[in-house]
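Colleague: Just the structure for this:
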Amino acid sequence: MDNKVLVLNQDYSPLTLCTVSRAFLLVFLDKAELLAADKDNVLRSISRSYPMPSVIKIKSYVHVPYKGVVLTRYNIFKRDSYQCQYCSTTKDLTLDHLIPRSKGGKSSWNNLVTACKKCNSKKGDCTPKEAGLVLKKPPFKPSYIMFLKNSVGVVKDDWQPFLKKIAVA
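Modeller: Below you'll find the predicted structure:
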């Protein structure tokens, strides 16, 4: 039961992902409504079969004060697919400030990229242009939904109607 289930808020906005067992428990205890079930699998008890949840909607609205992605080292690496943004290597990764902190650069989504130690040393206290380095892709602030999608790898077909408004990054 390591499959993931999309959990929607009462207004059908995506909230999070949870395990099948957690989703089944929420539906069984009448705290959530089953919107889509896995067509290929069922959950069985000794005497009954139940549909395996794929998408559920909770019955009471959950107020989420901040639905963004927190700026952390791990999340920068995740956004950049654990690759150096200059040479695409996956070895000896670190963070690089495009505009160095010594020149007023801030730690922000648009100023931090994943870089290997070799490229970061080559860049030194310069901008990428001054160091003759070219970014593979410009940095951006990821959306919460993008991180939900990327955490499972493949987006299930059942989820598409609830995520279609959000562009896949």
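Colleague: Assign the residue of the chain positioned farthest from its centre to helix, strand or coil.
Modeller: Summary for the chain: using CA atoms, centre = their mean, the residue whose C-alpha lies farthest from the chain's mean C-alpha position is Ser47, with a distance of 38.2 Å. Taken by DSSP: H, G, I helix; E, B strand; the rest coil, the conformation at Ser47 corresponds to coil.
Colleague: For the remainder of this discussion, apply numbering that starts at 44.
Modeller: Fine by me, first position is 44 from now on; the one you just mentioned is Ser90.
Colleague: residues near Pro182, how many?
Modeller: Applying other CB atoms under 10 Å, we find 19 other residues in the vicinity of Pro182. For glycine as for every other residue, the C-beta is placed from the backbone atoms N, C-alpha and C.
Colleague: Which pLDDT value goes with the residue farthest from the centre of the chain?
Modeller: For Ser90, the pLDDT comes out at 95.
Colleague: Nearest residue to the middle of the protein?
Modeller: If you average the C-alpha coordinates of the chain and look for the closest C-alpha using CA atoms, centre = their mean, you land on Phe190, 1.1 Å from that point.
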